[in-house]
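Chemist: Here is a sequence with its predicted model. Questions after.
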Amino acid sequence: MDPRYEVLGDASRLAREFVDGLAERPVGAAASFEELQARLARPLTDVGEDPRTVIADLVADADAGLTASAGPRYFGFVIGGALPAAVAADWLVATWDQNGNGAVTAPALAAAEAVASNWVLELLGLPRGCGVGFVTGCQMAHVTCLAAARNAVLADVGWDVEADGLQSAPDLRVIAGAQAHVTIARACRILGLGAARIRVVPSDGEGRMIAAELDAALREHDGPTIVCAQAGEVNSGAFDPLERIVEACREHGAWCHVDGAFGLWAAVSPSRRVLLDGFRQADSWATDAHKWLNVPYDCGIAIVADVARQRGAMAATADDIPSNDTNVHLAVKSTPEFSRRARAVPLYAALRSLGRDGVADLVDRCCDHAHRIAVRLAAHDGVEILNNVVLNQVLVRFLDSDDVTNAVIERVQHDGICWVGGRRWHDRAVMRISIVGWQTTAADADRSADAILAALRAVIAT
Ligand SMILES: Cc1ncc(COP(=O)(O)O)c(C=O)c1O
């Protein structure tokens, strides 16, 4: 081997050591940001250093600050692990180092991404003709989809955003549920639609948009309208009544966008897809591969039913970009990016390694583990489960007290058996448990529930 590349062997060995230790290392970080920055702030030399030294030092300096979020008992935010085939494909994407914007710069990778696009559509049961763009995450998937939506609903009233921008454009109304994810408002800000102008529709106790309230909101405004529905509320995992929402959008000529960052994958589960009834009639969908599909960061997915709308909003044109119309998913035409990594190649590998049944089993397993933890915790005095556990998210409150709940969360994080975060839910502090990792087993679920109960006992004893 070329000695300059021996560092790749080092990286492979160090990565193996990391994944081998994942299940048993403390799940949270053991060092603070300041400590880590001080360790990593080695002198930047004039002459450079041996790559093997750089990588050995990087791993040594970073180790105490690495969380086990890729492991089996990290339940914070909504963070998936990384399947072995996906990690390996990701390494190769970096090694091949090709600009994944299209078939001229990266023919093989553009082809793999096109295949992954078709597999995503097939798994979700969406028509093959939809446009698919692989972006950094669900946030940018919203930006991509809502740009297409904005341009489409304004085009319907004779306004060409692509040519004329938004100055003097007709009034456009965005409607979203009270529990819409913050990335929706941020997308509206980025797109010049104004976060404060979103018409917020009340939601119910589980965080679902109330359909009758949406009807009223739609009646208020007769012009261009975009409705942002949600499949999988980030706290409760609840689903908006999508069938009703899509119908109402059709009736009022509104565009229906669905935020399904993780919840869209309920579509692959025979027992849970009922939660999504009606979703296929929407106009656009935003989801992630780096959450439930367990692809390494970063990989979001923007899907638009009318591919021409997606291209109209996103396509870059230049003399040296051929219009490769045999690939409807061409990245430079379906995403806001120009140069980019071919981030769907790891998704290609993940889906092949799982197969259709494997994807369904992954989703079902995580939901079953969430339910298992909820049941085990609920059996204990003073523990309350605040949501209806329909998917993979569990909201827990202890002794009906903000202080106790926050103290238990802190204790669990400190103990390092599992990692859970805290949120406010209907103005009360809650522990949020989110299970989307491929490695989590029933034994991990039990061990984590026991660790949480041990933390509660320790808090009560102090
Ligand atoms: C419902 C929902 N939408 C959007 C997002 C944002 O996703 P990303 O972090 O991939 O941009 C999240 C993240 O958890 C989410 O849960």
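Modeler: Structure received.
Chemist: What segments of the stretch 251-400 of the chain are helices?
Modeler: In the stretch 251-400 of the chain, the helices defined using DSSP state H, counting those that start in this stretch lie at 307-314, 331-334, 345-378.
Chemist: do you know which of those helices lies nearest R13?
Modeler: helix 345-378 (20.9 Å; CB to CB). All C-beta atoms are positioned from the backbone trio N, CA, C, and that covers glycine.
Chemist: The closest one near the ligand at all?
Modeler: No - using CB under 6 Å from any ligand atom, helix 345-378 stays clear of the ligand, with a minimum separation of 13.5 Å.
Chemist: For that helix, give the mean pLDDT please.
Modeler: Here helix 345-378 scores 98 as its mean pLDDT.
Chemist: same check, this time on stretch 385-394
Modeler: Averaging pLDDT along stretch 385-394 yields 98.
Chemist: right, and N327 touches A110 too?
Modeler: Yes - assessed by CB atoms under 8 Å, N327 is found in contact with A110 at 6.4 Å.
Chemist: got the residues of the stretch 101-250 of the chain near the ligand?
Modeler: 137-139, 181, 183, 232, 234.
Chemist: among these, who's most crowded?
Modeler: Highest neighbour count within these: G232, with 30 neighbours (other CB atoms under 10 Å).
Chemist: Helix, strand or coil: sort out D446 for me.
Modeler: helix (DSSP: H, G, I helix; E, B strand; the rest coil).
Chemist: Next one: it from A378, what distance?
Modeler: Using CB to CB, to the nearest Å, D446 is found at 14 Å from A378.
Chemist: sorry, back to before: okay, the helices of the stretch 251-400 of the chain in TSV with mean neighbour count next?
Modeler: What follows is those, written out as TSV (neighbours: other CB atoms under 10 Å):
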stretch	mean neighbour count
helix 307-314	21
helix 331-334	28
helix 345-378	21
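Chemist: which stretch among those helices comes nearest L83?
Modeler: helix 345-378 (4.9 Å).
Chemist: Q281 is in contact with W255, correct?
Modeler: No - assessed by CB under 8 Å, W255 is found out of contact with Q281, at 12.0 Å.
Chemist: Out of these two, name the residue with the larger neighbour count.
Modeler: W255 (27 against 15).
Chemist: ok, now which ones touch that one?
Modeler: 149, 152-153, 225-227, 249, 283-284 (CB atoms under 8 Å, 6 or more residues apart in numbering).
Chemist: Around the residue nearest to H221 when sequence neighbours are not counted, how many other residues sit close by?
Modeler: Computed as CB to CB, 6 or more residues apart in numbering, the closest residue to H221 that is not its neighbour in sequence is R173, at 4.5 Å. If you count neighbours by other CB under 10 Å, R173 ends up with 20.
Chemist: In helices, which of the contacts of W255 appear?
Modeler: Judged by DSSP state H, these include 149, 152-153, 249 as members of helices.
Chemist: Would you mind giving the residues you listed as a markdown table with pLDDT and neighbour count added?
Modeler: Formatted as a markdown table, the ones in helices among the contacts of W255 follow (pLDDT from 0 to 100; neighbours: other CB atoms under 10 Å):
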| residue | pLDDT | neighbour count |
| --- | --- | --- |
| A149 | 98 | 32 |
| A152 | 98 | 22 |
| V153 | 98 | 24 |
| C249 | 98 | 23 |
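Chemist: Closest one of these to L191?
Modeler: A149 (9.1 Å).
Chemist: Which residue, other than its chain neighbours, is closest to the closest one?
Modeler: In space, A149 is closest to W255, 4.3 Å off (CB to CB, 6+ apart).
Chemist: Any idea which of the helices of the stretch 251-400 of the chain gets closest to P43?
Modeler: helix 345-378 (34.7 Å).
Chemist: Enumerate every residue touching V120.
Modeler: V120 sits in contact with 132, 301, 303, 347, 351, where contact means CB under 8 Å, 6+ apart.
Chemist: On the three-state scheme, it is what?
Modeler: For V120, the assignment made with three-state DSSP gives helix.
Chemist: could you say which helix or strand contains V430?
Modeler: strand 428-434 (DSSP states H and E).
Chemist: Check the average confidence over that strand, would you?
Modeler: For strand 428-434, mean pLDDT rounds to 98.
Chemist: Pull up the pairing partners for it, direction included.
Modeler: strand 393-398 (antiparallel), strand 421-425 (antiparallel) (DSSP bridges).
Chemist: Give the residue spans of the chain that score low on pLDDT.
Modeler: In the predicted model, the chain carries pLDDT under 70 at residues 318-326, 328.
Chemist: What's the separation between the residue nearest in space to the middle of it and I433?
Modeler: The structure's the chain has its C-alpha centroid closest to D288; by CA atoms, centre = their mean the separation is 3.9 Å. According to CB to CB, D288 and I433 sit 19 Å apart.
Chemist: Once you drop chain neighbours, what's closest to the residue of the stretch 301-450 of the chain found nearest the ligand?
Modeler: As assessed by CB to the nearest ligand atom, the ligand sits closest to S434 within the stretch 301-450 of the chain, at 8.4 Å. Distances taken as CB to CB, 6+ apart place V78 nearest to S434, at 4.7 Å, with adjacent residues excluded.
Chemist: ok, the one you found - contacts?
Modeler: For V78, the contacting residues are 234, 261-262, 291, 393, 434, 436, by CB under 8 Å, 6+ apart.
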